[in-house]
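1. No sequence on hand, only this structure:
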């Protein structure tokens, strides 16, 4: 009899616990919905590795983010997607940021994701008389105007004691440069990897290459409009944490990234892995970025590019709070 009473009490206790749990679940606030963010990225460039890794390895999801990556073939086009309201953020090199600032657009740099001095250069055709840097004089050279392709060629020519007017620059989209050289529309092209490597591979022994290492260091960044940084600071911090994890994965796992990164998947594996140590992934906002932006602005003014005749105060284009919360020691901008 006593056993039956105990069983009854146990059943009542379980029923009571179930009712209490149900009431608690009913009062418990629902889990927050994942935040949707669209990032425009030049996925054809190794500098976007942190974005690709964060998406593929689940680092965005771990931060409660649902991220859509819109692929573009240049940072310039990625930034334009933000300006057009098609994306929340963009990955972009320094020069499009300069032109945006000179046009008075409220673009904010949230972090630098990638640096290298090894991925820009010039590829020419031997059968078109391009053999040495000096032989570029008088030639038709394909560029992507207003990008690092344009800047690299101009500085490279200056190193050879030539001016831009001593060659004929022909404007193409980045992905069109290789085809233009193959068809013989131009004698050489100025650009970046992986387009240069693919062009060298297609031309074979006809190709001759000149490194742009002394002319340009690529500084690749994450940007958004000022309105977004004001309205979504918490989301920006989540994105930066995910990209920090993505960049660390890129740094330590080149073999795995080679297979999934659009910029490298079609290139020779051995060449990609050999170049990887020259790539520097990680989050920072360094004073050297401001100096580089000022240098690029003086170049734009000297060449009558952009809408301003004065170097902007690029400190106005820095968003320091996000990375300052996520990784304060990485912020070395003087402010």
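-> Thanks, I have the structure now. It should be emphasised that the depicted structure is a prediction, and the values quoted were computed from it without experimental measurement. Numbering: from 1, shown residues only.

2. Name the surrounding residues that touch the particular helix or strand that has residue 179 in it.
-> Residue 179 belongs to helix 177-182 when assigned by DSSP states H and E. Residues from elsewhere that reach helix 177-182 (CB atoms under 8 Å, 6 or more residues apart in numbering): 123-125, 142-144, 149, 170, 172, 186-191, 195, 198-199, 202-203. (Each C-beta comes from the backbone N, C-alpha and C, glycine too.)

3. And these, which of them are buried?
-> 123-125, 142-144, 149, 170, 172, 186-191, 195, 198-199, 203 (16 or more other CB atoms under 10 Å).

4. With adjacent residues omitted, what lies nearest to residue 332?
-> In this structure, residue 332 finds its nearest non-sequential neighbour in residue 286, 5.1 Å apart by CB to CB, 6 or more residues apart in numbering.

5. what's around that neighbour, how many residues?
-> 15 (other CB atoms under 10 Å).

6. so what's it up against?
-> Residue 286 neighbours (CB under 8 Å, 6+ apart): 112, 332, 333.

7. now, which of the residues you listed lie within strands?
-> The strands, defined by DSSP state E, take in residue 112 from those.

8. Can you flag the buried ones in the contacts of residue 286?
-> The buried subset of the contacts of residue 286 (16+ other CB under 10 Å) comprises 112, 333.

9. Need the contacts of residue 286 in CSV (columns: distance to residue 47).
-> Formatted as CSV, those follow (distance: CB to CB, whole Å):
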residue, distance to residue 47
112, 10
332, 20
333, 20
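
10. can you put the contacts of residue 286 in TSV and add pLDDT and distance to residue 50?
-> Converted to TSV, the contacts of residue 286 look like this (pLDDT from 0 to 100; distance: CB to CB, whole Å):
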residue	pLDDT	distance to residue 50
112	98	11
332	96	19
333	94	20
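
11. circling back to that earlier point, which members of the contacts of helix 177-182 occur in helices, if any?
-> 149, 195, 198, 199, 202, 203 (DSSP state H).

12. and the gap between the last one and residue 298?
-> In this case it means residue 203. 35 Å (CB to CB, to the nearest Å).

13. And the first one, by the same measure?
-> Computed with CB to CB, the distance linking residue 149 and residue 298 is 18 Å.

14. now the third one
-> From residue 198 over to residue 298 the distance is 33 Å, taken as CB to CB.

15. likewise the fifth one?
-> Applying CB to CB, one obtains 36 Å for the distance of residue 202 from residue 298.

16. With the second one instead?
-> The gap separating residue 195 from residue 298 is 27 Å, by CB to CB.

17. wait, what's in contact with residue 325?
-> residue 237 are the contacts of residue 325 under CB under 8 Å, 6+ apart.

18. What's the mean pLDDT across the helix or strand containing it?
-> Per DSSP H and E, residue 325 falls inside helix 321-326. Mean pLDDT, helix 321-326: 97.

19. Just the buried positions in that helix, please.
-> Quick answer for helix 321-326 (16+ other CB under 10 Å): 322, 323, 326.

20. these two touch, right, the second one and residue 285?
-> Yes: counting by CB atoms under 8 Å, a contact exists between residue 323 and residue 285, whose distance comes to 5.4 Å.

21. separation between the closest residue to residue 101 other than its chain neighbours and residue 262?
-> Nearest residue to residue 101, sequence neighbours excluded (CB to CB, 6+ apart): residue 312, at 4.3 Å. For residue 312, the distance to residue 262 equals 33 Å [CB to CB].

22. So for those two, which residue has more residues nearby?
-> Under the criterion of other CB under 10 Å, the comparison of residue 312 against residue 262 puts residue 312 first, with 19 against 16.

23. just for the stretch 51-200 of the chain, where's the confidence low?
-> Residue ranges of the stretch 51-200 of the chain with pLDDT under 70: none are present.

24. Got the confidence number for the residue nearest to residue 332?
-> 96.

25. same thing with the one 4 residues further on?
-> Here, the pLDDT recorded for residue 290 equals 96.

26. OK, contacts around the closest residue to it other than its chain neighbours?
-> Leaving aside its chain neighbours, residue 290 sits nearest to residue 314 (5.2 Å; criterion: CB to CB, 6+ apart). Residues counted as contacts of residue 314 (CB under 8 Å, 6+ apart) are 97, 101, 290, 293, 294, 297.
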